[in-house]
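J.: from the sequence below, what's the structure:
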Amino acid sequence: MTRPDQPASEAVSDDALFGPEAADYARYRPGLPDAVIHLLAAAQHGVPAPVLLDLGTGTGQVARALLPVLRRLAHISLVDVNASMLQAARAALEPVRGACTVDVFTGAAHDFAPAAPGLAPTLITCCRSFHWMARPEVLSMADQVAAPHAVVAIMGDGSLWTYEADWTAALRVLIQSYLGENRRAGTRGTYAGPDRSYEDDLADSAFSKVSEHSFPVSRAWAPEDVIGYLRTTSFARPALFAGRHLEFEATALRLLQDHAGGGVLTEDTVFTVLLARRPGGAA
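T.: Okay, here's the model as predicted:
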């Protein structure tokens with residue numbers, strides 16, 4: 001696990017990070033494995049009208065995938081610091097939400113409050129974004145707003161920066177030749193090593209009953225799709241390259257094409273889900 005080396009509230013603000021890349025984010029970011037979505041739905045077994053709170057929602061991948069599986073979902077709250085992302089997420093949900101109501105909260109996750117009484121979340125999800133957040137404060141907020149039987153799901157699968165393969169190693173070297181040795185993050189900072197694990201965060205929170213679930217994932221990337229994905233990352237988004245971004249993309253595409261056997265770049269990774277409940281909550 002990694003984290004920004006400055007407080008989350010300074011690392012991202014409004015549309016400064018990823019605002020211009022919302023369309024690329026929706027197109028190129030990998031979705032969630034089906035097994036993960038069914039695990040989340042199963043965690044709501046026995047809940048008659050589930051309420052989802054999706055933190056760091058991005059373009060709404062979690063909610064969009066969950067709606068067809070958890071059909072009795074009654075309400076969704078989408079939370080992100082980025083208004084463009086929230087606009088894209090709401091648009092993606094509109095054709096499939098049915099009777100499910102949706103609201104959005106633009107701001108830091110730890111500042112969230114339900115839009116109305118009776119909307120206490122029964123499922124709180126955070127996918128590939130917990131490292132951006134003020135984590136103890138987020139879990140404290142969750143304890144204040146969540147239903148007694150609520151489940152918190154913190155999940156993710158790393159990134160192409162952390163994935164170890166010949167082609168990702170060559171790509172990292174290329175990025176570093178443009179942006180420096182340290183991995184870039186946020187609007188101006190770099191990544192440092194993790195100070196503690198998510199498991200430690202949860203152990204110190206109200207949601208200290210934790211189960212871990214791991215799902216192997218194999219992806220086949222086209223070189224062009226990797227280029228699109230890079231635009232959505234904190235370590236290679238276009239603004240970091242100033243006037244050299246087009247040059248970087250052209251060089252990166254040639255590198256990726258050289259490494260692509262049969263036109264495909266393979267990623268074999270693991271998608272991990274931490275399901276956390278208050279002690280005494282349902283298994």
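
J.: I figured residue 119 was touching residue 75, is that so?
T.: Yes - counting by C-beta atoms under 8 Å, residue 119 touches residue 75, with 5.5 Å between them. The way it works is simple: take the backbone N, C-alpha and C, and place the C-beta from them, glycine included.

J.: between those two, which is the more surrounded one?
T.: Comparing residue 119 with residue 75 by other C-beta atoms under 10 Å, the one with more neighbours is residue 75, at 23 against 18.

J.: wait, isn't that one in contact with residue 54?
T.: No - in this structure residue 75 lies outside contact range of residue 54 using C-beta under 8 Å: 11.3 Å.

J.: who touches both of those two?
T.: Counting by C-beta atoms under 8 Å, 6 or more residues apart in numbering, no residue touches both residue 75 and residue 54.

J.: what about the strands in the protein?
T.: Here the chain has its strands, by DSSP state E, at 3-4, 51-55, 75-80, 101-106, 123-127, 151-156, 184-185, 189-192, 209-221, 265-277.

J.: using CSV, list the CA coordinates for stretch 42-55.
T.: These are the backbone C-alpha positions of stretch 42-55, laid out as CSV (Å, rounded to 0.1, in the frame of the first residue of the first chain):
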residue,chain,number,x,y,z
ALA,A,42,-23.7,-11.0,-0.7
ALA,A,43,-22.5,-8.8,2.1
GLN,A,44,-26.0,-7.2,2.0
HIS,A,45,-27.9,-10.5,2.5
GLY,A,46,-30.9,-9.9,4.6
VAL,A,47,-30.8,-6.1,4.2
PRO,A,48,-34.2,-5.2,2.7
ALA,A,49,-33.3,-1.9,1.2
PRO,A,50,-29.5,-1.4,1.0
VAL,A,51,-28.0,2.0,0.9
LEU,A,52,-24.6,2.4,-0.8
LEU,A,53,-22.0,5.0,0.2
ASP,A,54,-19.3,5.0,-2.5
LEU,A,55,-16.2,7.0,-1.4
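
J.: output the strands of the chain in TSV, with mean pLDDT and distance to residue 68 appended to each entry.
T.: Formatted as TSV, the strands of the chain follow (pLDDT from 0 to 100; distance: least, C-beta to C-beta, whole Å):
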stretch	mean pLDDT	distance to residue 68
strand 3-4	32	33
strand 51-55	98	13
strand 75-80	98	13
strand 101-106	96	15
strand 123-127	98	15
strand 151-156	98	18
strand 184-185	80	34
strand 189-192	65	35
strand 209-221	97	19
strand 265-277	98	19
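
J.: can you lay out these as a markdown table showing distance to residue 248?
T.: Listed next are the strands of the chain as a markdown table, based on distance: least, C-beta to C-beta, whole Å:
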| stretch | distance to residue 248 |
| --- | --- |
| strand 3-4 | 22 |
| strand 51-55 | 32 |
| strand 75-80 | 27 |
| strand 101-106 | 31 |
| strand 123-127 | 28 |
| strand 151-156 | 26 |
| strand 184-185 | 13 |
| strand 189-192 | 18 |
| strand 209-221 | 18 |
| strand 265-277 | 18 |
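
J.: hey, what's residue 53 bridged with?
T.: Listed beta-bridge partners, residue 53: residue 77, residue 124 (assigned using DSSP bridges).

J.: list the contacts for it?
T.: Applying C-beta under 8 Å, 6+ apart, we find residue 53 in contact with 77, 79, 112, 121, 123-125, 142, 145-146.

J.: distance to residue 214 added to these, as a markdown table?
T.: Formatted as a markdown table, the contacts of residue 53 follow (distance: C-beta to C-beta, whole Å):
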| residue | distance to residue 214 |
| --- | --- |
| 77 | 28 |
| 79 | 26 |
| 112 | 28 |
| 121 | 25 |
| 123 | 20 |
| 124 | 20 |
| 125 | 17 |
| 142 | 23 |
| 145 | 29 |
| 146 | 25 |
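
J.: and these, which is closest to residue 205?
T.: Using C-beta to C-beta, residue 142 is the member of the contacts of residue 53 that lies nearest residue 205, at 7.8 Å.

J.: now the closest one, nearest residue through space, not along the chain?
T.: With sequence-adjacent residues excluded and distances taken as C-beta to C-beta, 6 or more residues apart in numbering, residue 142 is closest to residue 124, at 5.3 Å.
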